[in-house]
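J.: sequence below, structure please.
(chains A and B)
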2 protein chains.
Amino acid sequence: MKLRPPSFLASTLALAVLAVAAGGAVAQQAPKPEVLIKSRQSAFQLVAFNSGRIKANLDGTYNKDEVVRAANTIAAIAGSGLGALFAPGTEAGKGWHDTTAKPELFKDLKKFAELGGNFNKEATELSKVAAGGDVGAVKEQYAKLSRTCKACHDDFKAKD
Amino acid sequence: MKLRPPSFLASTLALAVLAVAAGGAVAQQAPKPEVLIKSRQSAFQLVAFNSGRIKANLDGTYNKDEVVRAANTIAAIAGSGLGALFAPGTEAGKGWHDTTAKPELFKDLKKFAELGGNFNKEATELSKVAAGGDVGAVKEQYAKLSRTCKACHDDFKAKD
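T.: This is a model prediction of the structure:
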């Protein structure tokens, strides 16, 4: 779960070239746009859900183990190569529902990779801070992470 | 990402009692059934997607970093407290689509927790093995993990 901002963008291409690069006996197919859109919508649904769990702990009774697991899940998703889920061909279309990615995202992949890298960085940090168990520090880092979500949504996500 | 099978079931209750247990000034509400069902469907979509990434690497050109990230994502989701997403009130209903959880699941939470614990155990192990980079070992462990998916689907998942 190390920070690797460049891989965020590089992985955008990884799946797209999978079919070409495959050296094995079994022909590989790049996932269909619908699958990619479903998967990115799933990723952000899980991030939102686990973010809500952390917020509930910060606002109420704090359960360190619960927060650690939620933060680890967000960090793993943030570092999973989300860029690949925005591969060419997924600019429009339906996953679980119509995509809410703005066309601007696909026109500025460099900026998107930068914002994704910030998200990954702060999510990884939250996972470390959560393991430490200092509630004040978790609150502060959680706010930092939330700002990276908002920054990307402001630029690249249409209203639901 | 340690193995904690008991928490799989314990967390089933955690969210349900959140509103009651909340000691803070802000009243907490348990997530709505639709949100829980959406989140579990998202979790398994991401597991399936990342499982497909690992399989594509095993069948074709192997990229260690890609496999590590996919395996870490599966392990984090498996250890995130999936049991909580099957809280009372979610036996039927719609998330992204109608739930495919069978009624039997909610009648045998002990068995479900056991199968979930196996999934968590083998996913955590795959994440370790992937970091080691021995492709044969990854293949073997991936097969073990797949069997835990199937075991639970056989008992508790209706056909889509």
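J.: after the lowest-mean-pLDDT helix or strand in chain A, next one along is what?
T.: When the helices and strands of chain A are scored by mean pLDDT, DSSP states H and E, helix A:18-21 comes last with a mean of 38. Using DSSP states H and E, the helix or strand that follows helix A:18-21 in sequence is helix A:33-59.
J.: what's the following helix or strand after that next one?
T.: helix A:64-78.
J.: got the contact list for the next helix or strand after that next one?
T.: Downstream of helix A:64-78, the next assigned helix or strand under DSSP H and E is helix A:103-107. Counting contacts by C-beta atoms under 8 Å, 6 or more residues apart in numbering or on different chains, the residues outside helix A:103-107 that touch it are A:86, A:88, A:91, A:112, A:155-156. C-beta coordinates here come from the backbone N, C-alpha and C atoms, glycine included.
J.: try 6 Å
T.: A:91, A:112, A:156 (C-beta atoms under 6 Å, 6 or more residues apart in numbering or on different chains).
J.: now do the same contact list for the first one.
T.: It refers to A:Glu91. A:Phe106.
J.: what of A:Ala158?
T.: A:100, A:102.
J.: quick one: low-confidence ranges for chain A?
T.: A:1-28 (pLDDT under 70).
J.: if we go to 90?
T.: A:1-30, A:159-160 (pLDDT under 90).
J.: excluding residues flanking it in the chain, which one is nearest the most centrally placed residue in it?
T.: Chain A has A:Ala78 as the residue nearest its centroid, 3.9 Å off, counting by C-alpha atoms, centre = their mean. In space, and not counting its chain neighbours, A:Ala78 is closest to A:Ala123: 3.9 Å by C-beta to C-beta, 6 or more residues apart in numbering or on different chains.
J.: how about whatever helix or strand the one you found lives in: buried residues?
T.: Using DSSP H and E, A:Ala123 falls within helix A:109-132. Residues of helix A:109-132 classed as buried under the neighbour-count rule (16 or more other C-beta atoms under 10 Å in any protein chain shown) are A:109, A:112-127, A:129-130.
J.: perfect, that will be all.
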